[in-house]
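**Student:** Kindly return the folded structure for what I paste below:
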Amino acid sequence: MTRTGSERLVPRFGATERALHWVHASGFLAMLATGLVLYLPALSELVARRNLVKNVHLFSALGWAVAIVLVVALGDRRRLAADWREIEAIDADDRRFLRGRRAPQGRFNGGQKLNVLVTAAFALLFALSGFFLWLGERDHRFLFDGTGTVHETLTLVALGLLVGHLYLAVIHPSTRHALRGMTRGDVREAWAREHHRKWVEELERGL
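**Tutor:** Numbering: from 1, shown residues only. Sure thing, here's the model as predicted:
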């Protein structure tokens, strides 16, 4: 823990974790923006350059995938692996939190764990359905019924999740301080103790 003025700060996310978050966020926003232009007739007519938008969408997807691989390959893989083990270990306190009850939380609360798991599943489904949409345009043998519907449904659900995520990260007064962890890497100890008490207690025990 460090001290800035009268506040003690707790390191929460390292450079690799923050890079992975912002690479994913940037790629997703680029694909979402171009995907909505392709999906919504009004936006498509307004832009009026569908082929260009489609190419930007495809190259955004490729750039996103390459950047994710590079961050994982060149970054702190041990820390990322530890994060994943923590995220997939949803315990009784996490389940109580998800049911809306008060329960002490670790470095990731139950909602954050669920968000990461859903985001990872969506990323795989987006990549798979997008690949077959691209391939199906070139070889109709791979043009499967429902692929476009899956891709579009994922987009709409992901848009709703994004709105909720942005509200909690930027607007909601009790949770927006968490954004500091993804920008500067640390958070106030008092805030961490209130929202992630189990994690702070583990730090104090040296775990």
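**Student:** helix or strand for Arg134, which one?
**Tutor:** Careful, residue 134 is Trp; it's not Arg. Here Trp134 sits within helix 110-138, counting by DSSP states H and E.
**Student:** what does Leu9 give?
**Tutor:** Leu9 belongs to strand 7-11 when assigned by DSSP H and E.
**Student:** What residues sit buried inside the helix or strand following that strand?
**Tutor:** Next helix or strand after strand 7-11 toward the C-terminus (DSSP H and E): helix 15-39. Under the neighbour-count criterion of 16 or more other C-beta atoms under 10 Å, helix 15-39 has 16-21, 23-24, 27-28, 30-32, 34-35, 37-38 buried. All C-beta spots, glycine's among them, are computed from the backbone N, C-alpha and C.
**Student:** Which other helices and strands does helix 15-39 contact?
**Tutor:** Packed against helix 15-39 by the contact rule (3 or more C-beta pairs under 8 Å, 6 or more residues apart in numbering; DSSP states H and E) you find helix 41-47, helix 50-74, helix 77-88, helix 110-138, helix 147-166, helix 178-183.
**Student:** Spit out the contact partners of Gly148.
**Tutor:** Shown in contact with Gly148 (C-beta atoms under 8 Å, 6 or more residues apart in numbering): Ser129, Leu133.
**Student:** Now do it against Asn115, distance only.
**Tutor:** Distance, Gly148 to Asn115, by C-beta to C-beta, to the nearest Å: 26 Å.
**Student:** Now render the helices and strands packed on helix 15-39 as TSV, adding mean pLDDT.
**Tutor:** Shown next, in TSV, are these (pLDDT from 0 to 100):
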stretch	mean pLDDT
helix 41-47	71
helix 50-74	93
helix 77-88	96
helix 110-138	93
helix 147-166	92
helix 178-183	96
